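> coords below, sequence missing:
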């Protein structure tokens, strides 16, 4: 029996079927994210001890704003790249291919600069810069926005071309390595690390990462297109790009708000030390999200292809395969995280262990989401982004409202419960929408 199962697994992984290819891509993406997650987790433990609980809380709070505003700055073009670039290349539309990359980059950078400028102005107008511990670190964090947005858009270009290494390594490994290295240099040179000078390290690390990825990406694009195709004049089909990108922006923004509003709302009700504890617990549960992300990277292109070919049987097979790849390892990972989570938090420091209940609550929500597979990504790739927009928007509002009512009563556990409810609820709504409205036979947890 074991030999038979092993043989089946070997064949499925080494064949040229769509399922085998997506499985290998998912395993590669997950491997990169897992390795980078391990490094980032260890680096956060080191930074928490170097910074102290208070300054680590400030650092995690302002970097959360970078994540939210940085991805909003891409205006949805990161996802638009994944949706459009493969088709443009397949159809020989090299002008549109090059035009979308050029247009998406510059729109994102310009918007990020504008948002950063507005944000810095708000800080200086409405915050007491001399006494507010968040003010200067937040200003420095906002300087990272254009660099963050550029890396995010370029990640979309790499994913569209199935360059998994170049898509994931800069954002999830290179930048964290540089931040930790520069922080060590600061401690060696000045003897102390605080929320302000670590944000200076983040600016330098973000700049080096963005430039290195840009150069490497241009080289790979040149090789893929060839000399003649690379000289094709850019064609800017900006109206349909903007129409799609704005819808994707709203959906992505609501998703970001839903998944990060707990950190932001905690700042209004609790102390920086509490934010640090919650952030450490949240990071401990992210292994499950990496599994989900890996499956999305591997499968999203196929969803759009099968839908355009009106092949619902293949689409159903692909989505159910992605559900199985998401749920089974996510369930095992979640249970493992719950089992060892206390000791993971203890590595940060004794005070961080009070975040263990947050791990349990967030893991429960992640398990439910994993059981539905990447339903929202499938809907985006087949042109149902408006439905995703409404569902994620409702979930984001729900999460904020629940946080407002639950944090003052239950503290960290209240924030975690609000996020778990919003995450699981939105996933279930989209799952049943796929089954009923689109008539696609998707199975919950791959079983029924």
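That came through fine. Note that this is a predicted model, so its numbers are computed, not measured. Numbering: from 1, shown residues only.
> from now on I want contacts and neighbour counts done on CA atoms only, so please keep to that.
Fine.
> report the buried residues of stretch 441-448.
When burial is assessed from 16 or more other C-alpha atoms under 10 Å, stretch 441-448 yields the following buried residues: 441, 442, 443, 444, 445, 446.
> ugh, wrong one, I meant stretch 107-114
So, applying 16+ other C-alpha under 10 Å, buried residues of stretch 107-114: 107, 108, 109, 111, 112, 113.
> state the mean pLDDT of it.
Stretch 107-114 carries an average pLDDT of 94.
> again with stretch 422-442
The average pLDDT within stretch 422-442 is 83.
> run through who's touching it.
In this structure, residues lying in contact with stretch 422-442 by C-alpha atoms under 8 Å, 6 or more residues apart in numbering are 258-259, 312, 315-316, 319-320, 365-366, 368-369, 372, 375-376, 379, 388, 391-392, 395-396, 398-399.
> likewise for stretch 203-211?
140-141, 143-144, 147-148, 150-151, 170-171, 174-176, 178-179, 182.
> pull the distance from the host helix or strand of residue 215 to the chain's centre.
For residue 215, the enclosing helix or strand under DSSP states H and E is helix 195-230. Remark: helix 195-230 is offset 18 Å from the chain centroid, using C-alpha atoms, centre = their mean, to the nearest Å.
> what comes up buried for that helix?
Counting neighbours by 16+ other C-alpha under 10 Å, one finds that the buried residues in helix 195-230 are 195-210, 213, 217, 225, 229-230.
> do the same with stretch 63-70
Buried residues in stretch 63-70, counted by 16+ other C-alpha under 10 Å: 63, 64, 65, 66, 67, 68, 69, 70.
> nearest to residue 157, of these?
Using C-alpha to C-alpha, residue 70 comes nearest to residue 157 of these, at 16.6 Å.
> give me the pLDDT for that closest one.
Looking at residue 70, its pLDDT is 89.
> surely it and residue 151 touch.
No - counting by C-alpha atoms under 8 Å, residue 70 stays clear of residue 151, with 9.6 Å between them.
> just to revisit the earlier point, which ones among the buried residues of stretch 63-70 lie within strands?
The members of these all map outside strands under DSSP state E.
> can you redo those as CSV with distance to residue 280?
CSV is the format used below for these (distance: C-alpha to C-alpha, whole Å):
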residue, distance to residue 280
63, 13
64, 13
65, 17
66, 18
67, 16
68, 18
69, 21
70, 21
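> contacts for the strand or helix carrying residue 279?
In the assignment (DSSP H and E), residue 279 maps to helix 272-284. In this structure, residues lying in contact with helix 272-284 by C-alpha under 8 Å, 6+ apart are 41, 53-58, 60-61, 263, 266-267, 337, 341, 344-345, 348, 351-356, 358-359, 362, 412.
> and it, how far out from the chain's middle?
18 Å.
> which residues does residue 225 contact?
By C-alpha under 8 Å, 6+ apart, the neighbours of residue 225 are residue 94.
> any idea how far it is from residue 102?
Going from residue 225 to residue 102 by C-alpha to C-alpha, to the nearest Å gives 15 Å.
> same check on residue 389?
26 Å.
> okay, these two: which has more neighbours?
Ranked by neighbour count (other C-alpha atoms under 10 Å), residue 389 and residue 102 place residue 389 first, with 22 against 14.
> now name the helix or strand holding the more buried one.
For residue 389, the host element (DSSP H and E) is helix 385-410.
> next, the buried residues of that helix.
By neighbour count on 16+ other C-alpha under 10 Å, the buried set for helix 385-410 is 385-389, 391-400, 402-404, 406-407.
> the nearest residue to residue 200 once chain neighbours are set aside: neighbouring residues, count only.
Nearest residue to residue 200 in three dimensions, chain neighbours excluded: residue 140, at 6.7 Å (C-alpha to C-alpha, 6 or more residues apart in numbering). By the measure other C-alpha under 10 Å, the count of residues near residue 140 is 23.
> again, but for residue 359
Neighbour tally, residue 359, other C-alpha under 10 Å: 25.
> again with residue 152
26.
> which non-adjacent residue is nearest it?
Setting aside the residues directly before and after it, residue 152 is nearest to residue 78 in space (C-alpha to C-alpha, 6+ apart), at 6.4 Å.
> how far away is the one you found from residue 146?
To residue 146, residue 78 is 14 Å away according to C-alpha to C-alpha.
> report pLDDT for residue 16.
For residue 16, the model assigns a pLDDT of 54.
> next one: residue 290
On the pLDDT scale, residue 290 is placed at 69.
> repeat that for residue 22.
Per-residue pLDDT puts residue 22 at 55.
> can you check the one 5 residues further on too?
The confidence metric pLDDT takes the value 66 at residue 27.
> would you map the helices across the stretch 101-250 of the chain?
Listed in chain order, the helices of the stretch 101-250 of the chain (DSSP state H, counting those that start in this stretch) span 135-143, 145-160, 164-169, 175-190, 195-230, 238-269.
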